[in-house]
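Chemist: sharing a model that was predicted from the sequence below.
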Amino acid sequence: MPDRVRVRAMMPPGHLRTPSYLRGKTGVIERELGPFPNPEQLAYRQPAGKQPLYRVRFTMGEIWGDAAERPEDTVDAEIYGHWLERL
Amino acid sequence: MPHDHHDHGTPHSHEGMSPSGHPYRADNDTALTYWQVMEIAMRELLIEKGVTTSAEVQAQIDVMDSRSPANGAAVIARAWTDPDFRQRLLENASDASREMGFDIGPLQLIAVENTADTHNVIVCTLCSCYPRNLLGLPPDWYKSRAYRSRLVKTPRAVLGEFGLNLPDSTTIRVHDSTADMRYIVLPARPAGTDDLTEEQLARLVTRDSMIGTGLPRTPE
């Protein structure tokens, strides 16, 4: 059973690599990618702590609800660990 | 629009048109933008201070221009003909590409495989991330807001506009390159290609089939 996670629905200012359309959405971890420098600090030349990066798979039904063309189709995206809460 | 003279319906002037009937393209006499000025200033300073040279800048441009979808096509054709390589490609596409001699740099590449019931397609909704080391420069539409915003919501409609209509029984997996990975689609080997060599197979692999907005050509 793959780990279920929810993307935090926060809207902080600055350079982010978490697309708005996935915030607050629930998916499953497709694979773990290892630690990567946090782009939110890297973008401003601040010392960037490493964050674990995950590929998370979302269904179109979860993202778009009734507007999905085919709810079982999926979007996979890379999301940093501090944006995810385990369910 | 170029047109034949015998089917003219309404009188109109060809003044300002080239002999082929197209308007002449205006010279770019407008002022440089802020960022163009900044790029030139930075480049000239780096050269003046001896950090780089014009020849080095040009050599790097040549490297970027020399990359083309033929690189990716060679990788795909190898995967179609060598099951062990295919396995290595799916496990670590960067290392598998390096094994073939391609300069991948620090790029972290993931290959996603099309199967009988799954079709993969790549996008970068946040900017324009693209596997340049294997495919060269991205097409303009890949960077357009329309492709980036629509593919994650209505991939079937978008693929239909590319002439690719997938049955409902096929699951579409969109891959949004949001962070440190880049993606390449490993398309399914076309039927009727059992007798082809690796080089012949590579010629069937189109750029769009590695983005996922198309399928490989079928042999003639």
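Modeler: Great, that's in hand.
Chemist: and residue 75, helix, strand or coil?
Modeler: Defaulting to chain A. Following DSSP: H, G, I helix; E, B strand; the rest coil, A:Val75 is assigned to strand.
Chemist: nope, chain B please
Modeler: helix.
Chemist: now do B:Gln60
Modeler: Three-state assignment for B:Gln60 (three-state DSSP): helix.
Chemist: what residue in chain B comes nearest to chain A?
Modeler: B:Ala179 (3.8 Å; Cβ to the nearest Cβ). Heads up, the C-betas are built off the backbone N, CA and C, glycines and all.
Chemist: where does the residue positioned nearest the centre of chain A fall, secondary structure wise?
Modeler: Nearest residue to the geometric centre of chain A (Cα atoms, centre = their mean): A:Ile79, 3.2 Å. Applying DSSP states H and E as the criterion places A:Ile79 in strand A:74-80.
Chemist: how is chain B carved up into domains?
Modeler: Domain segmentation of chain B under automatic domain parsing yields B:32-66, B:68-211.
Chemist: dump the residue contacts of the most centrally placed residue in chain B.
Modeler: With distances taken as Cα atoms, centre = their mean, B:Pro138 lies nearest the centre of chain B, 3.9 Å away. By Cβ atoms under 8 Å, 6 or more residues apart in numbering or on different chains, B:Pro138 lies in contact with B:Ser128, B:Tyr130, B:Arg132.
Chemist: what's the closest of these to A:Glu30?
Modeler: B:Tyr130 (20.7 Å; Cβ to Cβ).
Chemist: nearest residue to the closest one in space, please, no chain neighbours.
Modeler: Nearest non-adjacent residue to B:Tyr130, counting by Cβ to Cβ, 6 or more residues apart in numbering or on different chains: B:Pro138, 4.0 Å away.
Chemist: name the SS class of the one you found, please.
Modeler: Classified using three-state DSSP, B:Pro138 is coil.
Chemist: so what pLDDT did it get?
Modeler: Listed pLDDT for B:Pro138 reads 96.
Chemist: so it versus B:Leu126, what's the distance?
Modeler: 14 Å (Cβ to Cβ, to the nearest Å).
Chemist: by proximity to chain B, which residue of chain A wins?
Modeler: A:Glu78 (3.8 Å).
Chemist: which residues touch that residue?
Modeler: A:Arg17, A:Leu33, A:Leu53, A:Tyr54, A:Arg55, A:Val56, B:Asp176, B:Ser177, B:Thr178, B:Ala179, B:Asp180, B:Met181.
Chemist: looks to me like the fifth one is in a helix.
Modeler: In this case it means A:Arg55. No - going by three-state DSSP, the assignment for A:Arg55 is strand, not a helix.
Chemist: what sits against the nearest residue to it once chain neighbours are set aside?
Modeler: Distances taken as Cβ to Cβ, 6+ apart place A:Glu30 nearest to A:Arg55, at 4.2 Å, with adjacent residues excluded. By Cβ under 8 Å, 6+ apart, the residues touching A:Glu30 are A:Pro2, A:Tyr54, A:Arg55, A:Val56, A:Arg57, A:Asp76.
Chemist: just confirm A:Glu30 is within a strand.
Modeler: Yes - assessed with three-state DSSP, A:Glu30 lies in a strand.
Chemist: what residues sit buried inside the helix or strand hosting B:Trp80?
Modeler: Secondary structure from DSSP H and E places B:Trp80 in helix B:69-81. Applying a neighbour-count criterion of 16 or more other Cβ atoms under 10 Å in any protein chain shown, one finds B:Pro69, B:Asn71, B:Gly72, B:Ala73, B:Ala74, B:Val75, B:Ile76, B:Ala77, B:Arg78, B:Ala79, B:Trp80, B:Thr81 buried in helix B:69-81.
Chemist: wait, doesn't the last one sit right on B:Gln200?
Modeler: It stands for B:Thr81. No - applying Cβ atoms under 8 Å as the test, B:Thr81 and B:Gln200 come out as separate, 10.4 Å apart.
Chemist: follow-up on the earlier one: any chance of the contacts of A:Glu78 in TSV, plus pLDDT?
Modeler: Formatted as TSV, the contacts of A:Glu78 follow (pLDDT from 0 to 100):
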residue	pLDDT
A:Arg17	95
A:Leu33	95
A:Leu53	97
A:Tyr54	97
A:Arg55	97
A:Val56	98
B:Asp176	98
B:Ser177	97
B:Thr178	95
B:Ala179	94
B:Asp180	93
B:Met181	95
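Chemist: make TSV out of those residues and add distance to B:Thr52 and neighbour count.
Modeler: Shown next, in TSV, are the contacts of A:Glu78 (distance: Cβ to Cβ, whole Å; neighbours: other Cβ atoms under 10 Å in any protein chain shown):
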residue	distance to B:Thr52	neighbour count
A:Arg17	29	22
A:Leu33	33	17
A:Leu53	32	23
A:Tyr54	38	24
A:Arg55	37	21
A:Val56	40	26
B:Asp176	34	25
B:Ser177	29	23
B:Thr178	32	26
B:Ala179	29	21
B:Asp180	26	18
B:Met181	29	22
